[in-house]
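> Structural data only, the sequence is not supplied:
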């Protein structure tokens, strides 16, 4: 895990940083002390004959010795700012790692809270119960007690949310919604069936109206062709507009 790797690498890097700083400080102190002692005549200066072409520089060792001292002092003076930057980076990394640990622990604790694992009601007992749960969790064995305490307090603060969105309530809500979806599906099927029946009835009604219109047309044609004959035989013919005119029966003399 990233948390374990970071915790293992952090002391190693810090150790190398302190060792490098100690070596640099010792070298600076030794070179500066030797140069100061040479200035007072206790030690000889560095002898480093340099030649450029035919020109020989007998004091080149002295110049190189002072240049090295100045270089080491410059590097040593820049070390405090470098330490501050490293300390800020380390604190930022530690904060990020701690927050991720707290979030991970809170996730497990909140899941257990949603499953109604914790029964105690008082704040002290409830937080302690949550800490015990996190302490013996197999995935959180490497976390510090401060991280577990922070996660337990966060879980206790959000206990109302865990109760509202508990596994039981969520399962009940999902079941209700699934039932509603099923009812909506049945209702849609009934609507489709009703629409199909309505279309079929409309088609049958139109067919009947067409047949009735055809029959009325044939009846009107028959009346036009055989109306006089029916009147002669004494049948009553209904007139348009609802008025009925009774025709007298023909006598034998007629």
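Yes, it's here. What you are looking at is a predicted structure, and each value in this text was computed from that prediction instead of being measured. Numbers count the residues shown, from 1 in each chain.
> Can you give me the buried ones in stretch 21-40?
Across stretch 21-40, burial judged by 16 or more other CB atoms under 10 Å covers 28, 31, 32, 34, 35, 38. Quick note: C-beta positions are derived from backbone N, CA and C, even for glycine.
> And stretch 104-124, how far out from the chain middle?
Centre-to-centre, stretch 104-124 and its host chain are 22 Å apart (CA atoms, centre = their mean, to the nearest Å).
> Quote the end-to-end distance of it.
Counting by CA to CA, to the nearest Å, you get 22 Å between the two ends of stretch 104-124.
> So residue 63 belongs to a helix, correct?
Yes. Checked against DSSP: H, G, I helix; E, B strand; the rest coil, residue 63 lies within a helix.
> What is the neighbour count of the closest residue to it other than its chain neighbours?
Excluding the flanking residues, the one nearest residue 63 by CB to CB, 6 or more residues apart in numbering is residue 57, at 8.0 Å. Using other CB atoms under 10 Å, residue 57 has 13 other residues around it.
> Switch the buried residues of stretch 21-40 over to CSV; also include distance to residue 139.
Output for the buried residues of stretch 21-40, formatted as CSV (distance: CB to CB, whole Å):
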residue, distance to residue 139
28, 49
31, 53
32, 54
34, 58
35, 59
38, 64
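> Nearest to residue 201 among these?
Distances from residue 201 to those, taken as CB to CB, are shortest for residue 28 (105.4 Å).
> name the element the closest one belongs to?
helix 2-39 (DSSP states H and E).
> With residue 99 instead?
Assigned by DSSP H and E, residue 99 falls in helix 60-114.
> Can you point out the buried residues in the helix or strand following that helix?
Downstream of helix 60-114, the first helix or strand assigned by DSSP H and E is helix 123-135. Across helix 123-135, burial judged by 16+ other CB under 10 Å covers 126, 127, 129, 130, 131, 133, 134.
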